[in-house]
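Enquirer: here is my input, please return the structure:
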Amino acid sequence: MAGKGVRIAGGSARGVPLVEPRGVRLRPTSGLVREAVFNILGESVRGARVLDLYAGTGALGIEALSRGAAHATFLEGDAACVDAILQSLARAGFSAQGTVLRGRLPAALDRLEGTFDLVFMDPPYDDPAREEVLVRLSPLLAPGGRIVFEHGSRYNPPVRPRGLQLLDRRTYGDTAVAFYGHLEGE
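Expert: Residues are numbered from 1 along each chain as shown. Purely as a prediction, here's the structure:
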């Protein structure tokens, strides 16, 4: 890609360029949106167990590691992207704190163990499985955890997918970000 490419926006690895896979069409989360999301999440990232779904370049999970997350698991279906994420983790100095799994969603969710404090979900905007994936995340979300679901601004995400509730939604041009947590009382 021409220009500066995707870089870590903040934290200990700020400015480190990420490896972008060749021959794969991606829509990485813009630096502006990433910065806004991490400003909203604030200190909740420190020490968090992170899950980065539809990981692509791994920008969201690696950004979380740079900002103090304890561990990030990346789930991506494309082999070239998996290789790029592994290279980017090494380049940023986070190889020991990252686990990269290859698999297609939603089926690959069955391979995950434990719970996560922070889940990033950035599917292709037209992915027909996005709501099924969202619904299946409730058991994987730790108490007090958050799901950050990036989507097209014209799409209205579900307000109460099974076991979850929409807490906030922000729009940045053609991109919107929905924040979910566990449904109160569950």
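
Enquirer: show residues contacting the strand of greatest length in the chain.
Expert: With secondary structure taken from DSSP state E, the chain has its longest strand at strand 141-152. Strand 141-152 is touched from outside by 29, 33, 37, 41, 44, 49, 60, 115-123, 125, 130, 134, 137, 157, 164, 167, 174-182, with contacts defined as CB atoms under 8 Å, 6 or more residues apart in numbering. In short, each C-beta sits where N, CA and C put it, glycine included.

Enquirer: ok, residues contacting the following helix or strand past it?
Expert: Next helix or strand after strand 141-152 toward the C-terminus (DSSP states H and E): strand 164-172. If you take CB under 8 Å, 6+ apart as the criterion, strand 164-172 is touched by 30, 32-33, 36, 40, 134-135, 137-138, 141, 146-147, 153, 157-160, 176-184.

Enquirer: which residues touch the next helix or strand along the chain from strand 164-172?
Expert: Using DSSP H and E, the helix or strand that follows strand 164-172 in sequence is strand 175-182. Residues outside strand 175-182 that contact it (CB under 8 Å, 6+ apart): 29-30, 33, 36-37, 40, 134, 137-138, 141, 143-153, 155, 157, 161, 163-170.

Enquirer: apply 7 Å and report the result again.
Expert: Identification of contacts with strand 175-182 by CB atoms under 7 Å, 6 or more residues apart in numbering yields 33, 37, 138, 141, 143, 145-153, 157, 163-170.

Enquirer: stretch 132-140 now?
Expert: Under CB under 7 Å, 6+ apart, the answer for stretch 132-140 is 51, 53, 105-106, 109, 112, 115-116, 119, 121, 123, 147, 149, 158, 161-164, 182.

Enquirer: give me that answer again for 8 Å
Expert: Residues outside stretch 132-140 that contact it (CB under 8 Å, 6+ apart): 51, 53, 105-106, 109, 112, 115-116, 119, 121, 123, 147, 149, 157-158, 161-164, 180, 182.

Enquirer: first-to-last residue distance for it?
Expert: End-to-end distance of stretch 132-140 (CA to CA, to the nearest Å): 14 Å.

Enquirer: what about the strands in the chain?
Expert: Taking DSSP E as the criterion, the chain contains strands spanning 49-53, 71-76, 98-102, 116-121, 141-152, 164-172, 175-182.

Enquirer: would JSON lines of those strands with distance to R22, mean pLDDT and mean neighbour count be doable?
Expert: Compiled in JSON lines, the strands of the chain are given as follows (distance: least, CB to CB, whole Å; pLDDT from 0 to 100; neighbours: other CB atoms under 10 Å):
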{"stretch": "strand 49-53", "distance to R22": "21", "mean pLDDT": "98", "mean neighbour count": "27"}
{"stretch": "strand 71-76", "distance to R22": "15", "mean pLDDT": "97", "mean neighbour count": "24"}
{"stretch": "strand 98-102", "distance to R22": "17", "mean pLDDT": "97", "mean neighbour count": "18"}
{"stretch": "strand 116-121", "distance to R22": "23", "mean pLDDT": "98", "mean neighbour count": "24"}
{"stretch": "strand 141-152", "distance to R22": "23", "mean pLDDT": "96", "mean neighbour count": "19"}
{"stretch": "strand 164-172", "distance to R22": "28", "mean pLDDT": "95", "mean neighbour count": "15"}
{"stretch": "strand 175-182", "distance to R22": "24", "mean pLDDT": "96", "mean neighbour count": "20"}
